[in-house]
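K.L.:
Here is a sequence with its predicted model. Questions after.
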Amino acid sequence: MRLLTLLTTALLSAATGALAAKKTSEERFQLYHSKALSTSPVKLSEASYRELTATPRDYSVAVLLTAMDARYGCQLCREFQPEWELLARSWTGGDRKGDSRVVFGTLDFGDGRDVFMSLGLQTAPVLFFFPPTTGPHAPASPEPVRYDFTGGAQAAEVVHSWVARYLPDRPHPPIKRPINWMRWISTFVILSGGLTFSYVAWPYVLPVIQSRTVWAAITLISILLFTSGHMFNHIRNVPYVAGDGRGGISYFANGFQNQYGLETQIVAAMYGILALSSISLAIKVPRMTDPRNQGIAFLAWFGILFVVYSLLLSIFRGKNPGYTFSLPPFM
């Protein structure tokens, strides 16, 4: 059975070679260029691949050997296929007369298994550029050039530059990407909706933007957030809490150069309470007209300020035992 398969392959190759030999290089180019004008890149089989790349040839061939069937799981093949088709369509459409003498083709593994085996390919996709072997543009070496896909799927513009490098003194039609109408429509709808919403909501938003209270609150919150060590946590990537070595949890780290995430939140909350107490004692309490209520409010806010500040000094002294200041009740 294996002998029969090898014999069939050999006969097919011989027949393809004989068929290619009957056609001149110009006839082959015109045949496949005409096909490319209808659909580019040209979908190849084993026979057409051998015919297109047969020597001698006075034209160039760019062939992508791919494996699009889902059984092979070639993600890179599926990612690069749209860019390859865009390149082939743009180039062929911009060179309908064939002045660049290039044919773009695609050979899938399912249609050209023997070609893959003869080339010793075990991966896909593989892009080959076959230079002309005769004529004024024939290089010193007629060997095909292989494109490097180690960087992953490439944009059509990158491969276009690679192909153009081997086609000096010939036209290089540019890439023409189709207009993404859905993107334009979506952008227009979003912008229109945003402008309409801004127009309707502006009378309500403007007083908020101009409010001194809002800006004072934003400023105060930002100050409390950053003075409590929020940026320190992001820069040092500190843990949220840590064990105390006795099976418990330590909420406060020792030393001035260390802190935990929860510690930052606790200190920020204490700073907020102290700020609210100070603002109330400086602004709210003096405006109260009832002397009795004013006295009660003063004692309440002053008591909160005193107790929280005492707790803050206690925490500070716990991080640095050499700190000497303290207030009751947290001595």
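P.N.:
Perfect, thanks for sending it.
K.L.:
so where is the stretch 101-250 of the chain shaky, pLDDT-wise?
P.N.:
In the predicted model of the stretch 101-250 of the chain, no residue satisfies pLDDT under 70.
K.L.:
what ranges do the helices span in it?
P.N.:
Per DSSP state H, counting those that start in this stretch, the stretch 101-250 of the chain carries helices over the ranges 113-119, 156-165, 181-209, 212-227, 230-236.
K.L.:
Now do the longest one against helix 212-227: the angle between them, please.
P.N.:
When you say that, I think you mean helix 181-209. An angle of 110 degrees separates the directions of helix 181-209 and helix 212-227 when computed by axes from the mean of the first three to the mean of the last three C-alpha atoms, to 10 degrees.
K.L.:
helices or strands next to helix 181-209 in the packing?
P.N.:
Contact here means 3 or more C-beta pairs under 8 Å, 6 or more residues apart in numbering; DSSP states H and E; on that basis helix 181-209 packs against no helix or strand. Quick note: C-beta positions are derived from backbone N, CA and C, even for glycine.
K.L.:
from the middle of its chain, how far away would that helix be?
P.N.:
27 Å (C-alpha atoms, centre = their mean, to the nearest Å).
K.L.:
What residues of that helix count as buried?
P.N.:
Within helix 181-209, no residue qualifies as buried by neighbour count (16 or more other C-beta atoms under 10 Å).
K.L.:
Likewise for the fourth one?
P.N.:
By neighbour count, with 16+ other C-beta under 10 Å as the criterion, the buried positions of helix 212-227 are 224, 225.
K.L.:
tell me, how many neighbours does residue 44 end up with?
P.N.:
The tally of other residues near residue 44 (other C-beta atoms under 10 Å) stands at 26.
K.L.:
re earlier: can you list the helices of the stretch 101-250 of the chain in a markdown table and add distance to residue 296?
P.N.:
Supplementary listing: these in a markdown table, determined by distance: least, C-beta to C-beta, whole Å:
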| stretch | distance to residue 296 |
| --- | --- |
| helix 113-119 | 90 |
| helix 156-165 | 75 |
| helix 181-209 | 33 |
| helix 212-227 | 25 |
| helix 230-236 | 35 |
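K.L.:
Can you say which of those is nearest to residue 271?
P.N.:
Between residue 271 and those, the shortest separation by C-beta to C-beta is 4.6 Å, and it involves helix 212-227.
K.L.:
So which elements touch the closest one?
P.N.:
Applying 3+ C-beta pairs under 8 Å, 6+ apart, we find helix 212-227 packed against helix 261-279.
K.L.:
buried set for the helix or strand just after the helix it packs on?
P.N.:
Once helix 261-279 ends, the next helix or strand along the chain (criterion: DSSP states H and E) is helix 291-319. The neighbour-count check on helix 291-319 (16+ other C-beta under 10 Å) flags 297, 301, 304, 305, 307, 308, 309, 311, 312, 313, 317, 319 as buried.
K.L.:
Name all residues that make contact with the third one.
P.N.:
With contacts defined as C-beta atoms under 8 Å, 6 or more residues apart in numbering, the neighbours of residue 304 are 273, 277.
K.L.:
Hmm, residue 319 and residue 255 touching each other?
P.N.:
Yes. Taking contacts as C-beta atoms under 8 Å, residue 255 lies within contact range of residue 319: 6.4 Å.
K.L.:
quick revisit: of all the helices of the stretch 101-250 of the chain, which one is nearest residue 280?
P.N.:
For residue 280, the closest of the helices of the stretch 101-250 of the chain is helix 212-227, at 13.2 Å, according to C-beta to C-beta.
K.L.:
Now the closest one - C-alpha only, CSV.
P.N.:
Output for helix 212-227, consisting of C-alpha atoms alone and laid out as CSV, is shown next (Å, rounded to 0.1, in the frame of the first residue of the first chain):
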residue,chain,number,x,y,z
ARG,A,212,-16.5,74.9,46.6
THR,A,213,-17.7,72.2,49.0
VAL,A,214,-17.2,69.5,46.4
TRP,A,215,-13.7,70.6,45.5
ALA,A,216,-12.8,71.0,49.2
ALA,A,217,-14.0,67.4,49.8
ILE,A,218,-12.1,66.1,46.8
THR,A,219,-8.9,67.9,47.9
LEU,A,220,-9.3,66.8,51.5
ILE,A,221,-9.8,63.2,50.6
SER,A,222,-6.8,63.2,48.3
ILE,A,223,-4.6,64.7,51.0
LEU,A,224,-5.7,62.2,53.6
LEU,A,225,-5.3,59.3,51.1
PHE,A,226,-1.8,60.1,50.1
THR,A,227,-0.5,61.3,53.5
